[in-house]
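Peer 1: any chance you can model this:
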Amino acid sequence: MFDFLCNYFGQYNQRTFITFAHIEIFNNRTQFVSLQQKCSEFAVMIKSENEEIYFNRIVKDLLKGTVNEVFYNQQMKFGKYRSSLINHMQKLEHSVKTKVINVASKSGWTFLMHACNESYDDISRFLIKEKACIDAVSSDGQSALKIACNKVQPKIVHLLLRNGANPNACFVDRWTLLTDACFRGNITIVELLLTAGAKVNLANENGDTPLTSSVVFGHLDVMKLLAEKGATLNISDSYGVNPMTAACFYGHIKLVDFLISKGVDINEADAARWTPLMYASLINDEKIIELLIAKGANKSHL
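Peer 2: Numbers count the residues shown, from 1 in each chain. Just a heads-up that it's a prediction; the model follows:
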């Protein structure tokens, strides 16, 4: 019965429905006829002549801070809908437009953050072009640039950086964007951040650097790029672990070989007085053990 009533009033009293419907019903049960897309049986089909009123309602909702709800309107997945939304926002008065594009939810999530999170390049580009605040940080430590980096959206990352986003921003987890990208092995994002001025040796409070973070999952391409950009190859974290000992512990022989080729001391112990050979022996990695010994590792460390 509820479905029927929503559909009935939505179809026959459409302007009133658009103006006063609860936001969840408005977002989840409406769809533009002009989209020419499949819809649910009880969807309220919004006529073309009522689309302007529909978008006016959205602007009012945004100004109330309901960013999350507005962004997850079930029509947002359609490119044509997003294009129409952008066109409507472009026509807003400057003062209203500025408020709309920068409004944030109670948790601090902005429209730009949501656009980056859902990989909607069209909306992201529009918001950046309209000078939306790009360095805003939510209560859970997210920013548009951080989200775009994690979602591996190089075009948007480049656009954000070109428009002044801080490549050295550090968040609640104390990781820099570069350290996070190196940990994930996102070489394209690493390149973009370094080109934009990210500090190659910048460590967090635990001493984690981009280089030490690249070791965990054996990202050799990232390590090579960092070395090329001047990363300190024998740097240790707050626990005294250095890239060479970590590479041996995680069993990444290609990283071990690369570090050796760069002149890293294969007999240098960490804060626990463990050497690379000791870690290789601990995990019983015969290939790394053979490599270290062949390159001059002290056999007494076995």
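Peer 1: strands along this protein, start to end?
Peer 2: Secondary structure of the chain, counting by DSSP state E: strands at 30-32, 44-46.
Peer 1: dump those strands into CSV; add mean neighbour count and distance to Gly141 as well.
Peer 2: In this view, the C-beta of every residue, glycine as well, is placed from N, C-alpha and C. What follows is the strands of the chain, written out as CSV (neighbours: other Cβ atoms under 10 Å; distance: least, Cβ to Cβ, whole Å):
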stretch, mean neighbour count, distance to Gly141
strand 30-32, 21, 34
strand 44-46, 20, 37
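Peer 1: look up how far Met89 lies from Val96.
Peer 2: 9 Å (Cβ to Cβ, to the nearest Å).
Peer 1: and Tyr120, by the same measure?
Peer 2: 13 Å.
Peer 1: next: Ala203.
Peer 2: 41 Å.
Peer 1: contact partners for the closest residue in space to Gly263 that isn't next to it in sequence?
Peer 2: Spatially, and ignoring its direct neighbours in sequence, Gly263 is nearest to Leu233 (7.9 Å; Cβ to Cβ, 6 or more residues apart in numbering). By Cβ atoms under 8 Å, 6 or more residues apart in numbering, the residues touching Leu233 are Leu211, Ala227, Pro243, Leu259, Lys262, Gly263, Val264.
Peer 1: can I get the buried part of these as one ChimeraX selection?
Peer 2: The ChimeraX selection below is limited to those of the contacts of Leu233 classed as buried (16 or more other Cβ atoms under 10 Å):
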select :211,227,243,259,264
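Peer 1: how is this structure divided into domains?
Peer 2: With domains defined by automatic domain parsing, the chain comprises 170-232, 239-302.
Peer 1: now the longest one: average pLDDT?
Peer 2: Taken as a whole, domain 239-302 has a mean pLDDT of 93.
Peer 1: swap in the shortest one?
Peer 2: For domain 170-232, the mean per-residue pLDDT is 92.
Peer 1: surely Ile283 touches Ile253?
Peer 2: No - counting by Cβ atoms under 8 Å, Ile283 sits too far from Ile253 to count as a contact (11.4 Å).
Peer 1: looking at the two, which is more packed in?
Peer 2: Taking other Cβ atoms under 10 Å, Ile283 and Ile253 do not tie; Ile253 has more neighbours (17 against 12).
Peer 1: so how far is Leu292 from that one?
Peer 2: 10 Å.
Peer 1: again with Leu62
Peer 2: 60 Å.
Peer 1: look up the pLDDT of Gln11 for me, please.
Peer 2: pLDDT, read off for Gln11, is 68.
Peer 1: between the contacts of Leu233, which is closest to Glu49?
Peer 2: Ranked by distance to Glu49 (Cβ to Cβ), the contacts of Leu233 are led by Leu211 at 60.0 Å.
Peer 1: any idea how many residues pack against the nearest residue to that closest one once chain neighbours are set aside?
Peer 2: Leaving out its chain neighbours, the residue that sits closest to Leu211 by Cβ to Cβ, 6+ apart is Ala231, at 4.6 Å. For Ala231, the tally of surrounding residues (other Cβ under 10 Å) stands at 22.
Peer 1: with the one 10 residues further on instead?
Peer 2: Other residues within reach of Val241, judged by other Cβ under 10 Å, total 20.
Peer 1: oh, and call the first residue 12 from now on, that's how I've got it
Peer 2: Sure, I'll start numbering at 12, so the last one becomes Val252.
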